[in-house]
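>>> missing the sequence, but the structure's below:
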């Protein structure tokens, strides 16, 4: 099992009040699954994503990633896991504005401690994979929204992580470009990657093969994609 | 962490905002620049002093009435002392075993005339035999003054080349007569040019025998006695010897202070070092203040930069940057900034020193340890004042940072 979550709680202290963002979540995700985590805002999906992405640690409960307990790790150990095992794709792309596409894609490899030449080779491969070979010397502000997100996807893929974790990846794109990006995720998944999609849009969630719905800090439903709701774009 | 990347980011930020960067770095530039400029001057002076001022006067000490006067009280006290006379010089000459040369000397300034040519403000020196060794003078035409000239108080003189150029254009001065003040002297020699020392010509003089000087120019009054010892080792012995002889002549009992002064080149060197040491301390003070101010400005700019780039920090952390990666990145950036200022300061300081050296008599020499020191200081400023912003950046929570707008 790639992800093994049992009895996960996350409590935030907001002033004098305690906010229970996660209230006993159990979730297993296997290798090469394509999962969408859905839910309205405040349902706890972002908190769950942050914990799965090792940006945050749970207040209580168990989170094992590749049979390693994450809850007790130090900041630097979490950073190493993020670097090796997680590929983030954000709603707002989060590319470094001053760096060109190639350099943005290289960034995780910098923190992985790779040598310059090897970084270049692998970053080029990842950029080729998302079809931006002729754009790799461009800076983010010289790229369209769709192209930026493809750079971000290349960046997420470059270190061959166990999980691609996408947070509303189409939220800032028009629907046609959004479909393009979803097609890219489909390809990535078919190549054997594990993709976890966090979204509140049903249109986006139906691209996944399994949908986890959240409400009030716990999982409301967890089911394979309903039959007959094929993705709009052929893959 | 990628050093090149951090340096690149910092240099890019400097380039993209030149005026702001300049203002940011002004404190560091001034701090480092002033240190370099002053060190260059001090270095230049040091070389000058050791090369020129002291080479001729090695193994020489001077006995006079005054010594090194640095206060009104000392001067009042020294006024009451008995004069040093030619007979003191003769006594030293006769009594000292460690002296190679004992030369009586006196100075004044007077106009020198040849026919209708007048040169004002010529240094007139009355010197005993052996003066040419102490003054490091070589003769160009004619001859030096001799002991015979001195004994017989002959009205003869040796002129510096600048005086000759001015008074005898195109003429051979040897054998001709000049008037120094009101008296007429025969020119017997011309020395070779020595050039300038600290902007002062060393060739604008007329030297006459010491006894001639006393006869015509100053019958009473105190003279100086320059003593050159056999070698460096006998310098202290010779000073003691001279003291004993003079104290004996003046019947100074035990417990009474010397009523004359002995100065060596070391005396002047000490004074010189005190002066330059003072300059040095003041400069270090100015530099320290500038660097602290510069450092605070850099810290401020780095704090702004950390805030502006909160999201970037969040992204880097999400992608696997550890605390120390972020810390290093911002420290390198701060240091790159401050070292850029340091380099500009070094260039400015050296430029200033060389420019001043070119247009004024002040000598200047590039002081390499000073440059290294300047760059090292600016580096330390960057590290010290960059630490706080860098720690703040490193401590940021990745989730908060990613959410930051």
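Cool, got the structure. Predicted, not measured: the structure shown is a model, and the values here were computed from it.

>>> burial measure for residue B:111, as a count.
By other C-beta atoms under 10 Å in any protein chain shown, 14 other residues sit near residue B:111. (C-beta placed from N, C-alpha, C; glycine too.)

>>> oh sorry, the question was meant for residue B:278
Applying other C-beta under 10 Å, we find 10 residues neighbouring residue B:278.

>>> Quick check: it vs chain A, distance?
Distance, residue B:278 to chain A, by C-beta to the nearest C-beta, to the nearest Å: 48 Å.

>>> And the pLDDT at that residue?
Residue B:278 carries a pLDDT value of 82.

>>> so it sits in a helix?
Yes. With DSSP: H, G, I helix; E, B strand; the rest coil as the criterion, residue B:278 is part of a helix.

>>> mind listing what it touches?
Contacts for residue B:278 (C-beta atoms under 8 Å, 6 or more residues apart in numbering or on different chains) come out as none.

>>> tell me the secondary structure for the spatially most central residue of chain A?
For chain A, the residue sitting closest to the mean C-alpha position, by C-alpha atoms, centre = their mean, is residue A:165 at 1.1 Å. Secondary structure assignment for residue A:165 (three-state DSSP): strand.

>>> Do I have it right that it meets residue A:90?
No. Between residue A:165 and residue A:90 there is no contact under C-beta atoms under 8 Å: 9.5 Å.

>>> Just want the phi and psi numbers for residue A:104.
Main-chain torsions, residue A:104, degrees, to the nearest 10: phi -60, psi -40.

>>> separation between it and residue B:338?
Noted for residue A:104: a distance of 28 Å to residue B:338, by C-beta to C-beta, to the nearest Å.

>>> more neighbours, these two?
Ranked by neighbour count (other C-beta under 10 Å), residue A:104 and residue B:338 place residue B:338 first, with 35 against 28.

>>> ok, now which ones touch that one?
Counting by C-beta under 8 Å, 6+ apart, residue B:338 makes contact with B:25, B:28, B:294-295, B:298, B:378-379, B:381-382, B:385-386.

>>> What's the per-residue pLDDT of residue A:202 here?
Listed pLDDT for residue A:202 reads 88.

>>> Repeat that for residue B:109.
Here the pLDDT value assigned to residue B:109 is 89.

>>> can you count the residues close to it?
Residue B:109: 11 surrounding residues under other C-beta under 10 Å.

>>> cool, residue A:69 as well?
Neighbours of residue A:69 using other C-beta under 10 Å come to 11.

>>> Tabulate the contacts of residue B:338 in JSON lines, adding columns for distance to chain A.
Below are those laid out as JSON lines (distance: C-beta to the nearest C-beta, whole Å):
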{"residue": "B:25", "distance to chain A": "20"}
{"residue": "B:28", "distance to chain A": "24"}
{"residue": "B:294", "distance to chain A": "25"}
{"residue": "B:295", "distance to chain A": "25"}
{"residue": "B:298", "distance to chain A": "20"}
{"residue": "B:378", "distance to chain A": "24"}
{"residue": "B:379", "distance to chain A": "24"}
{"residue": "B:381", "distance to chain A": "25"}
{"residue": "B:382", "distance to chain A": "20"}
{"residue": "B:385", "distance to chain A": "23"}
{"residue": "B:386", "distance to chain A": "19"}
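
>>> Could you measure from residue B:320 over to chain A?
Per C-beta to the nearest C-beta, residue B:320 is found 2 Å from chain A.

>>> Hmm, that residue is touching residue A:87, no?
No. Residue B:320 is beyond contact range of residue A:87, at 10.4 Å (criterion: C-beta under 8 Å).

>>> I believe residue A:51 is in a helix; please confirm or correct that.
Yes. Counting by three-state DSSP, residue A:51 is located in a helix.

>>> Name the nearest residue to it, sequence neighbours excluded.
Once flanking residues are discounted, residue A:51 sits nearest to residue A:58: 5.6 Å by C-beta to C-beta, 6 or more residues apart in numbering or on different chains.
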